[in-house]
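Novice: Mind folding the following:
(chains A and B)
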Amino acid sequence: MKLLTHNMLTSKCLKGVSVGYPLGINATEVTTSVVDFDPEFISRLIPKLEWHALKQASDIIGEKGYLPEALIADYENNEEFLKKVHHALLEIEVVSGNLVCPETGRSFPINNGIPNMLLNEDEV
Amino acid sequence: MIKTGNMKRYLMWFANENIEFRFPEIQSILSLLNIEMKFIQKPDVTEPYWIVQFNSEEDVQQVANRSVSLKLCLELWADSVTIEDLHSQLKQYPKQFYERYFSPDETFKIELETFCRHLTQEEKVRKIEEFHYLPVQGSVKLKDPHVCLQYIEYYGTDPNKPPLHPYCVFFGRWVSNGLRQLIRTFSLKSRKFIGNTSMDPQLALLMANQAKIAKGDIILDPFVGSGSLLVAAAQFGGYVLGTDIDYLMLHAKTRPSRKKQKVREKDESIKANMQQYKLSARYIDVLVNDFSISFWRENLKLDAIITDPPYGIREATERVGTEKKDFTVSEMHLMTHIPSKIAYGISSIYKDLLVFSSKHLKLGGRLVCWFPIFREDYREEGLPSHPCLKLIANSEQILSKLTSRRMLTFEKMEEPPENQQEIKFNGILDFREKYFEAREETRSEKRTREAKLRNQNKIEYLKRK
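Specialist: Numbers count the residues shown, from 1 in each chain, chains lettered A, B, ... in the order given. Next up is the predicted model:
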């Protein structure tokens, strides 16, 4: 699971959960790979991200403080910054571990890089 | 606006299959690339060619570089119903249009293509030599010439009884080929990971074109299966996401779909397919997820959704749930519990899909999906619909005498209301129920009939001996 995917997921569908965002990450195996960098895609993507969630996830999974606290201005023209965001979003991958609902603590296992978001029949 | 008058005419030649998908595909590509095209001759749906006008040759190339239905495109110099007339037209073709292609330093070749009739090499050469009057000065080069001139003879579409003389003939300068070669590149035969219902590559590419996928778009397939639609979406520059309720499928632990394969290979996966086609840079993720329970962030906006939901025939229509009352999973079993599933009727699947799409598509974003139907019951009003989604195209692929499926393209026209409960949906016939009901014979009946026939053949064979 890449951090871009993590940025898009909530556990709001669980009973009694009001926000469910961002999900916590417990990673037991993390890999990094090289993915072709497309600055246009990243700058189109940035306004759609929840920055605080990405920053938080990158601090836990990657290097602490790798991304700044707040989104910088004029990021479209800052290639170095776009490369960093690209790395955090697409190159870091959680291979195994858990995603955790911040309100109920319900955890969702990640195996082979694929999160399992299935609920049990008593939860639906 | 297209300026008429001195505009060049182009001949677009299509593959003679999936005919209903041709027009919607080109329409989608024109709209995606913002290119204008004008018909000079009203196209006849039964003929595999169109005669059109474009503003520039670059436009023609761009369209051809996206189209899977298109075989090739010519700058049309002459066309007629008789060969003699074609030659006389060509002799009068204005010099300023062809001069630069005939200069001494341009290598060239003339190619003859016949449709629905086979000619011997000798006949072909004789026909090509009839163009001797063309004032070409360059030398002939058969491999990669600068200019390729093409002569097409069209003998109709029925290969069993082609007429003696062609219905029409065309002559022009080759401009571009379509994307037919991609169908081979993505062939399921050579794909690493496939499932029982993997989509035919040609149809997958057509869906990606209907979805108007552009570079850098985010695309979701909520019933991803073996990910065959993601391959097509990524090929056109989309970044792809998929979800499926089938854990074993996403982890490639299901029984192999190839007849000769006993066990799946260890490294089969949707990701491995993306690597095979060098598209892994555009693979985001796949998740195991029940589509009826959304884990996506409320404000997530997707550029397109392309999907082939299960019809309940070859893949089950299921969601998590139980018929038991007050069921709970005990603490002891929680770690290893596999949730039970209940039927997820086709009408609920399509209702959920339309509601989801109306919420998560960007404005102008498209949903492309298949919908199974009984041919005799088909009415356009019976298709799934949603007030915020406009049906743009609807093309039929016939599956059997009784059944077919339709590729539906919807475009999001406006944001839906907060509470979608109030939206009324027309009842969608449950395809699965009717499928098993309307089938002429049951599986066991078919088996007995076939066994009987085999037996009979065997007896006859032994008698002959």
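Novice: I'd guessed residue B:155 sits against residue B:169; true?
Specialist: No. The pair residue B:155 / residue B:169 is not scored as a contact, 10.2 Å apart, by C-beta atoms under 8 Å. Every C-beta, even on glycine, is put in place using the N, C-alpha and C of the backbone.
Novice: neighbour count winner among these two?
Specialist: Neighbour count, other C-beta atoms under 10 Å in any protein chain shown: between residue B:155 and residue B:169, residue B:169 has more, with 22 against 19.
Novice: Now do the helix or strand in which the more buried one is found: which elements does it pack against?
Specialist: Under the criterion of DSSP states H and E, residue B:169 resides in strand B:168-177. Judged by 3 or more C-beta pairs under 8 Å, 6 or more residues apart in numbering or on different chains; DSSP states H and E, strand B:168-177 is in contact with strand B:9-14, helix B:57-64, strand B:70-80, helix B:83-91, strand B:147-154.
Novice: Need those in JSON lines (columns: mean neighbour count, mean pLDDT and distance to chain A).
Specialist: Supplementary listing: these in JSON lines, determined by neighbours: other C-beta atoms under 10 Å in any protein chain shown; pLDDT from 0 to 100; distance: least, C-beta to the nearest C-beta, whole Å:
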{"stretch": "strand B:9-14", "mean neighbour count": "23", "mean pLDDT": "95", "distance to chain A": "31"}
{"stretch": "helix B:57-64", "mean neighbour count": "18", "mean pLDDT": "96", "distance to chain A": "19"}
{"stretch": "strand B:70-80", "mean neighbour count": "21", "mean pLDDT": "95", "distance to chain A": "28"}
{"stretch": "helix B:83-91", "mean neighbour count": "14", "mean pLDDT": "94", "distance to chain A": "46"}
{"stretch": "strand B:147-154", "mean neighbour count": "22", "mean pLDDT": "95", "distance to chain A": "34"}
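Novice: Just send these back as a markdown table, with distance to residue A:96 too.
Specialist: Below are the helices and strands packed on strand B:168-177 laid out as a markdown table (distance: least, C-beta to C-beta, whole Å):
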| stretch | distance to residue A:96 |
| --- | --- |
| strand B:9-14 | 48 |
| helix B:57-64 | 44 |
| strand B:70-80 | 45 |
| helix B:83-91 | 68 |
| strand B:147-154 | 55 |
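Novice: check contacts around residue 47.
Specialist: In the absence of a named chain, this looks at chain A. Neighbour list for residue A:47: empty [criterion: C-beta atoms under 8 Å, 6 or more residues apart in numbering or on different chains].
Novice: looking at chain B here, not the other one
Specialist: Residue B:47 makes contact with B:154, B:157, according to C-beta under 8 Å, 6+ apart.
Novice: Would you mind checking the average pLDDT for the lengthiest helix in chain B?
Specialist: Identified as the longest helix of chain B according to DSSP state H is helix B:443-464. The pLDDT scores in helix B:443-464 average 89.
Novice: Show me what it is packed against.
Specialist: Partner elements for helix B:443-464 (3+ C-beta pairs under 8 Å, 6+ apart): none found.
Novice: Helices of chain A, start to end?
Specialist: With DSSP H as the criterion, chain A has helices at A:3-8, A:39-45, A:51-61, A:79-86.
Novice: residues in the stretch 151-300 of chain B within reach of chain A, list them.
Specialist: Residues of the stretch 151-300 of chain B lying near chain A by C-beta under 8 Å from any C-beta of the partner chain: B:215-216, B:218, B:239, B:241, B:243, B:245, B:247, B:250-251, B:269, B:271, B:280-281, B:284-290, B:293-298, B:300.
Novice: Now, these that are in helices?
Specialist: B:247, B:250, B:271.
Novice: Run a quick neighbour tally on the last one.
Specialist: Pointing back at residue B:271 there. As a burial measure, residue B:271 scores 21 neighbours (other C-beta under 10 Å).
Novice: mind listing the strands in the stretch 201-350 of chain B by residue range?
Specialist: Ranges of strands within the stretch 201-350 of chain B are B:218-221, B:239-244, B:283-288, B:302-307, B:318-320, B:341-343, based on DSSP state E, counting those that start in this stretch.
Novice: Mind listing what's buried along the first one?
Specialist: The one in question is strand B:218-221. Buried residues in strand B:218-221, counted by 16 or more other C-beta atoms under 10 Å in any protein chain shown: B:218, B:219, B:220, B:221.
Novice: Just the pLDDT at the spatially closest residue to residue B:16 that is not a sequence neighbour, thanks.
Specialist: In this structure, residue B:16 finds its nearest non-sequential neighbour in residue B:48, 4.8 Å apart by C-beta to C-beta, 6 or more residues apart in numbering or on different chains. pLDDT, residue B:48: 93.
Novice: Dump stretch B:12-25 to PDB, restricted to CA.
Specialist: This file holds the C-alpha atoms of stretch B:12-25, laid out as PDB (Å, rounded to 0.1, in the frame of the first residue of the first chain):
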ATOM      1  CA  MET B  12     -10.500   6.200 -42.100                       C
ATOM      2  CA  TRP B  13     -10.500   2.400 -42.400                       C
ATOM      3  CA  PHE B  14     -11.800   0.400 -39.500                       C
ATOM      4  CA  ALA B  15     -11.500  -3.200 -38.400                       C
ATOM      5  CA  ASN B  16     -14.600  -5.100 -39.300                       C
ATOM      6  CA  GLU B  17     -15.500  -6.100 -35.700                       C
ATOM      7  CA  ASN B  18     -17.200  -4.500 -32.700                       C
ATOM      8  CA  ILE B  19     -18.900  -2.200 -35.200                       C
ATOM      9  CA  GLU B  20     -21.300  -0.600 -32.600                       C
ATOM     10  CA  PHE B  21     -18.300   0.600 -30.600                       C
ATOM     11  CA  ARG B  22     -16.700   2.400 -33.500                       C
ATOM     12  CA  PHE B  23     -18.600   5.700 -33.600                       C
ATOM     13  CA  PRO B  24     -18.700   6.200 -29.800                       C
ATOM     14  CA  GLU B  25     -15.000   5.600 -29.600                       C
END
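Novice: got the buried residues for that stretch?
Specialist: Quick answer for stretch B:12-25 (16+ other C-beta under 10 Å): B:12, B:13, B:14, B:15, B:16, B:18, B:19, B:21, B:22, B:23, B:24, B:25.
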